[in-house]
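**Student:** one predicted model, sequence on top.
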Amino acid sequence: MAITETNAAHLDAVRPTPIDEHGKLRCIAATITQGAAAGDAGSTVVIGKLPPGPVRVIPHLCRYKVTALGASRTMDIGHKAYQSRGDVAQTNEAEDDNAFADNIDVSGATDAAFPTTAGQKWDMWSANGITLYATVDGGTIPAAAVFEFLIVFVDVN
């Protein structure tokens with residue numbers, strides 16, 4: 001056996017990307033209050049918009065807080081469709097309603113970090129920004145329900 005030193009994969013690249021070397025940690029803090037009327041099952045709340053260009057969402061640093069919505073309510077957190085950079089030309093990325101979280105139990109008041117199933121990072125690149133949103137299923141969003149989100153990401157702008 002011998003002492004070894006192994007480089008991170010991006011260090012062996014010809015030119016590491018800025019997001020790997022010196023990106024800036026940023027966040028979107030959002031509070032959303034349902035209006036005077038309840039929203040049917042499948043209703044959404046828009047959290048915010050990631051900036052254009054390369055971004056890296058850090059799911060385990062992201063949090064959500066929701067008032068009790070009632071029995072059988074679940075919440076997904078995802079993103080709308082966006083235009084992404086491909087190898088040669090821009091491509092259309094499909095909407096993914098549960099990219100960051102799937103079927104979170106929000107029947108009671110909840111204050112937690114995103115589930116670890118979202119992974120260590122979520123790299124995205126968009127031409128015009130990426131809208132993030134949450135969907136409530138299993139029943140209505142009660143009138144005056146309150147949602148709070150903290151979305152932590154890295155960008156290079």
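**Tutor:** That came through, no problem. The model shown is predicted, which means the values in this text are computed figures rather than measured ones.

**Student:** next SSE downstream of the least confident helix or strand in the chain by mean pLDDT?
**Tutor:** When each helix and strand of the chain is scored by mean pLDDT, DSSP states H and E, helix 18-22 comes last, with a mean of 70. As assigned by DSSP states H and E, the chain's next helix or strand after helix 18-22 is strand 24-33.

**Student:** averaged pLDDT, that following strand. What do you get?
**Tutor:** Taken as a whole, strand 24-33 has an average pLDDT of 95.

**Student:** note down every partner strand of that strand and its orientation.
**Tutor:** strand 146-155 (antiparallel) (DSSP bridges).

**Student:** just give me how far the partner strand sits from the chain centre.
**Tutor:** Counting by C-alpha atoms, centre = their mean, to the nearest Å, strand 146-155 is centred 7 Å from the centre of its parent chain.

**Student:** do stretch 68-86 as well
**Tutor:** 8 Å.

**Student:** would you mark the buried spots in that stretch?
**Tutor:** Across stretch 68-86, burial judged by 16 or more other C-beta atoms under 10 Å covers 69-70, 73-80, 82-83. No exception for glycine: its C-beta is placed from N, CA and C like everyone else's.

**Student:** neighbours around T91, how many?
**Tutor:** 11 (other C-beta atoms under 10 Å).

**Student:** quick one: the nearest residue to it once chain neighbours are set aside and G53, what's the gap?
**Tutor:** Excluding the flanking residues, the one nearest T91 by C-beta to C-beta, 6 or more residues apart in numbering is S84, at 5.4 Å. S84 sits 11 Å away from G53, going by C-beta to C-beta, to the nearest Å.

**Student:** again, but for G42
**Tutor:** Taking C-beta to C-beta, one finds G42 at 31 Å from G53.

**Student:** more neighbours: which of those two?
**Tutor:** Between G42 and G53, G53 has the larger neighbour count (other C-beta under 10 Å), namely 17 against 12.

**Student:** for the more buried one, what are its contacts?
**Tutor:** G53 makes contact with 125-126, 155-157, according to C-beta atoms under 8 Å, 6 or more residues apart in numbering.
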